[in-house]
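# Output the structure for:
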Amino acid sequence: MEVPVNEQANQAAEVDAAQVGRALLRSRRGMTLVEIMVVIAIITTVMGIIGVGVMQVYQGTRVDTTILQMGEINKRIELYSLKKGVPSTGEGLSAVYGGAKVPLDGWGHEFIFLSPGPNGTDYDLISYGKDGVEGGTGLGEDLKWSEQR
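Numbering: from 1, shown residues only. Next up, the predicted model:
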């Protein structure tokens, strides 16, 4: 008995579809452990690079915050000076702020108040930077109001 041409075409199409399906299944087996580890390593590297950049920007904003805070303290000192004169180093910023809390620099350290200041100025405000000790470089460098004006 002969198979009609249409049936032969259908059987051939079914065989071709089955072969294509098996080929697709073989190509979709998934990722090997090595491939997954490479992807994780790439993601970790990218996140590390981004993290370092973000931290540098964040630390830079602390410097900017400290300088802005010095400006605000300077305004309070100027107002206090008009009423009562420039406070002494011993009186410090607590005299200027009365009972209110004296603001801290961007790293949470207290500002240093010197009266009289350097080079004949009435006073100076100093932040010792990230490390909180006098001197230093980079983010640990001292910020002085007399140098900011």
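
# rest of the way, CA atoms for contacts and neighbours
Fine.

# Downstream of the lowest-mean-pLDDT helix or strand in the chain, the next helix or strand is which one?
Ranking every helix and strand in the chain by mean pLDDT, DSSP states H and E puts helix 5-27 at the bottom, with a mean of 66. Later in the chain than helix 5-27, the nearest helix or strand by DSSP states H and E is helix 33-84.

# Could you list the low-confidence segments of the chain?
The model of the chain has pLDDT under 70 over residues 1-15, 17, 21, 23-29, 139-140, 149.

# Quick check on Asp124: phi, psi?
phi -150, psi 150 (degrees, to the nearest 10).

# Just list the residues touching Ser115, thanks.
Val86, Pro87, Ser88, Thr89, Asp122, Tyr123, Asp124 (C-alpha atoms under 8 Å, 6 or more residues apart in numbering).

# The first one against Arg76, yeah?
No: taking contact to mean C-alpha atoms under 8 Å, the distance of 10.9 Å between Val86 and Arg76 leaves them out of contact.
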